[in-house]
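Got a predicted model here, sequence first, then my questions.
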Amino acid sequence: MNWAPTSLRGRLLWLLSIGIAAVLLVQAVVSYRSTLAEADAILDVEMRQLGDVMQRAGSRMPAGIAAPEGSADDDLDMVIQSRDALGRVLWTSSPALQLPPTPAGFATALIGGQRYRVYTTGRPGIVVQVAQESDSRAEIARDLAFRMLWPTLLLGGVLLMVTSMITALALRPLARLEAEVAMRQPHDLRPVSLHGLPNEVRPLVQATNALMQRMQDAYEQQRQFVADAAHELRTPLTALQLQADAIARAPDDAARALALQRQHQGIRRAHRLVEQLLALARQDATQASDALIDATSVVRHVLEESGAAMRVRGIRMQLAIQEAVRVTGDGEALARLVRNLVGNAIRHAPGGGMLRVALAQRIGGSEFIVEDNGPGIPVEERDLVFERFHRGSTSEPGGSGLGLAIVRAAADSLHASINLGESSLGGLRVVVRFPLPRPLALPHQ
Amino acid sequence: MRLLLVEDDPMIGEALVELLHREHYAVDWVRDGIAANGALVSTPYDLVILDLGLPKRDGLSVLRALRERRNRVPVLVTTARDALEDRVAGLDAGADDYVLKPFEFDELLARIRALIRRTAGRAQTSYTRGGTVLDPVARTARVDGKEVTLSAREWAVLEPLLLRPGATLSRQQLEEKLYGWGESVNSNAVEVYVHGIRKKLGADFIRNVRGLGYLVPRE
């Protein structure tokens, strides 16, 4: 059973109530006990006064006279008896009861199965005893003590009410915060106002706001990407539509054959765009990984994949791949990076052109370099080419405009840097620098 | 009819040039904003098909510059941007019509014809004189109830004349409507097609204005 409420207000009320009840209980016990003791003392004082009065009255007190006013109270039930030096009863308030001899001062005596408190005093020739039933004394004391408890109970109730009100008042900023968040639309990721919030809650709300800002950014990026993708898909679709119209309207077989061939190109382009969109979406969804990957085998594998495309275009390749180069990150991301850089180089190199691919361990990391003898990228465009859907002046026609954006995203996830430059072959030189694999990295890196 | 096609995508441009040629339009194709501006400054066109997302200079800026020069050539904008503000911006910059990618060629063609008709101030598409009824949209010709077939090139010569009956067009003007850039111009092609039209529709259907050119009389 879980007694602790999960609401802060409930928890506060619960704990405060326990605290108040505990304090009041201690107070009640202490007060009960001291009241009991006080009542006892008062009754003793009464007995002693009565005893002293009786002793002074002595034998002159005629037998059978009514008990003095102090003992008139039935509740007090005091028994007064005086005897002479020989032990003969001079006077008694209740003849039925014979008090046994008791030592001077206060004592307890058992008479007829009842406990009595007896006060004994005297002067030469006279002994005066005042006795009272212990039970009725206790009853009186308890009555008194209980009467003293009522204000404490009342106080407890009032304290609880006040506590509950103060708690509600103190937690009002939280209630306002709750209402503000509860009324939000699902896509409303604007930061929650910190105005009037207590210091204890601020860090939590600030952290939540920061999270919402990151979600908003990611959401915005995703929205922009979908809008861009929809826009970019329209171009190849328009081409396919018009190419289909051209097939339908072809006047003769030769024209139809040409139109069909063009439509095949159009379909290949649309296919490539969809592939690249998927690659980018997958790259965006890639979680950071600290796995150790064998870059050498990833590069070799991608180069094998690209072999056919290279042979078709009659492109030669110089390789300088060092063995057992390792980097930290996601293997798929590295493959995407290599595949796009090599693919770009193959597409941009002229037929019968030349490619140079190198992978090497360096001080403080490793380097992957791809060079071609294509048109290169003008210096002023080098920052722009990594933008999604950017097409530069030297882009191949029908390109997706995504290749380098995928490379950049993959490099980011691998903590790698990219540098574009001119190759001694005449075209583009892309250098990707990877940091040392994490288990080998120095602490300050 | 001579059209300027401004389109940066090679596949779309290639397909449109071929399809429009087959519909007897003379088409000049440019692939960027600067080339489009140059072509518009130097050549009179009957219509411009303008893609808005262009390299070097964007389509909207080309369009604004065109209207600032008081050039009233009809402009049909094609774009892949479908947001309302994009469409409004295009029309505000001076576009006459708007077609969203992807589109079918038939739709583009219908919009081209409608724009050319509207620019000539004619909502009506057919031309009737004597026993001859011509419909350049449906490409049908009847002489005394009998159907006559005209070739695409003959229509290309006839159409500009039918748009402005009574107005004289020079041989050179008609040649421009027949050929786009890079097409070899046959020096007496217009005469050949006018001859063919006269044989089919009657010797006086197209009249010679000596030293000036040709005209089709009002209905």
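Cool, got the structure. Given the structure is predicted, the values throughout are model-derived calculations rather than measurements.

Now do the contacts for the nearest residue to A:Leu414 once chain neighbours are set aside.
In this structure, A:Leu414 finds its nearest non-sequential neighbour in A:Gly329, 4.0 Å apart by C-beta to C-beta, 6 or more residues apart in numbering or on different chains. Heads up, the C-betas are built off the backbone N, CA and C, glycines and all. Listed by C-beta atoms under 8 Å, 6 or more residues apart in numbering or on different chains, the contact set of A:Gly329 reads A:288-291, A:293, A:413-415.

Tabulate the residues you listed in JSON lines, adding columns for pLDDT.
Formatted as JSON lines, the contacts of A:Gly329 follow (pLDDT from 0 to 100):
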{"residue": "A:Ala288", "pLDDT": "74"}
{"residue": "A:Ser289", "pLDDT": "79"}
{"residue": "A:Asp290", "pLDDT": "81"}
{"residue": "A:Ala291", "pLDDT": "85"}
{"residue": "A:Ile293", "pLDDT": "90"}
{"residue": "A:Ser413", "pLDDT": "88"}
{"residue": "A:Leu414", "pLDDT": "90"}
{"residue": "A:His415", "pLDDT": "91"}
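
Now rank those by neighbours and give me the top one.
A:Leu414 (24 neighbours; other C-beta atoms under 10 Å in any protein chain shown).

Stretch A:171-183: how far from the chain's middle?
Remark: stretch A:171-183 is offset 17 Å from the chain centroid, using C-alpha atoms, centre = their mean, to the nearest Å.

For that stretch, list every residue counted as buried.
A:171, A:174, A:177 (16 or more other C-beta atoms under 10 Å in any protein chain shown).

these two touch, right, the last one and A:Thr208?
No: under the criterion of C-beta atoms under 8 Å, A:Leu177 is not in contact with A:Thr208, lying 10.0 Å apart.

circling back: could you measure from the residue nearest to A:Leu414 over to chain B?
As judged by C-beta to the nearest C-beta, to the nearest Å, A:Gly329 and chain B stand 35 Å apart.

Residues of chain A that sit close to chain B?
Contact residues, chain A versus chain B (C-beta under 8 Å from any C-beta of the partner chain): A:231-232, A:234-243, A:245-246, A:249, A:251, A:259, A:262, A:265-266, A:269, A:391, A:393, A:397-398.

if you set the cut-off to 7 Å instead, what comes out?
By C-beta under 7 Å from any C-beta of the partner chain, the residues of chain A that approach chain B are A:231, A:234-235, A:237-239, A:241-243, A:245-246, A:249, A:262, A:265-266, A:269, A:397-398.

from those, which ones fall inside helices?
A:231, A:234-235, A:237-239, A:241-243, A:245-246, A:262, A:265-266, A:269 (DSSP state H).

all helices of chain A, in order?
For chain A, the helices defined by DSSP H cover A:8-57, A:134-170, A:172-182, A:202-248, A:253-285, A:295-312, A:331-348, A:403-413.

Identify the residues contacting residue 150.
Looking at chain A here, since you left the chain open. If a contact means C-beta atoms under 7 Å, 6 or more residues apart in numbering or on different chains, then A:Trp150 has no contacts.

looking at chain B here, not the other one
Contacts of B:Leu150 were listed using C-beta under 7 Å, 6+ apart, and they are B:141, B:158, B:197, B:200.

out of those residues, who's nearest A:Leu189?
Closest approach between these and A:Leu189, by C-beta to C-beta: B:Leu158, at 62.9 Å.

now the closest one, what's its secondary structure?
helix (DSSP: H, G, I helix; E, B strand; the rest coil).

Pull the number of nearby residues for it.
Here the number of neighbours of B:Leu158 (other C-beta under 10 Å) works out to 25.

just A:Leu404 next, same as before
The number of residues packed around A:Leu404, counting by other C-beta under 10 Å, is 26.

got it, and B:Leu115?
By other C-beta under 10 Å, the residues close to B:Leu115 number 20.

which SSE is it in?
Using DSSP states H and E, the element containing B:Leu115 is helix B:105-119.

buried ones in the helix or strand following that helix?
Next helix or strand after helix B:105-119 toward the C-terminus (DSSP H and E): strand B:127-129. Going by neighbour count (16+ other C-beta under 10 Å), the buried part of strand B:127-129 is B:127, B:129.

got any residues that touch both of A:Leu177 and A:Thr208?
Counting by C-beta under 7 Å, 6+ apart, the shared contacts of A:Leu177 and A:Thr208 are A:Val192.

before we move on, the earlier item: what is the nearest of the buried residues of stretch A:171-183 to chain B?
For those, the closest approach to chain B (C-beta to the nearest C-beta) belongs to A:Leu177, at 36.4 Å.

residues in contact with A:Leu242?
A:Leu242 sits next to B:12, B:15-16, B:19, B:105 when contact means C-beta under 7 Å, 6+ apart.

Go again with 6 Å.
Contact analysis of A:Leu242 by C-beta atoms under 6 Å, 6 or more residues apart in numbering or on different chains lists B:15, B:105.

for A:Arg190, same thing?
No contacts exist for A:Arg190 under C-beta under 6 Å, 6+ apart.

State the three-state secondary structure for B:Ala167.
coil.

Tell me, how many residues neighbour it?
For B:Ala167, the count of nearby residues is 14 (other C-beta under 10 Å).

quick one: it from A:Ala270, how far?
46 Å (C-beta to C-beta, to the nearest Å).

How about A:Glu139?
103 Å.

of those two, who's got more company?
Set side by side, A:Glu139 and A:Ala270 show more neighbours around A:Ala270, with 19 against 12, by other C-beta under 10 Å.

where does chain B come near chain A, residue by residue?
For chain B, the contact set with chain A under C-beta under 6 Å from any C-beta of the partner chain comprises B:9-12, B:15, B:18-19, B:80, B:101-102, B:105.

A:Gln81: which of those residues is nearest?
Each of those was scored against A:Gln81 by C-beta to C-beta, and B:Ala80 proved nearest at 122.2 Å.

Strands of the stretch 301-445 of chain A, start to end?
Per DSSP state E, counting those that start in this stretch, the stretch 301-445 of chain A carries strands over the ranges A:316-321, A:326-328, A:354-362, A:365-372, A:417-422, A:428-435.

Right, I'll leave it there.
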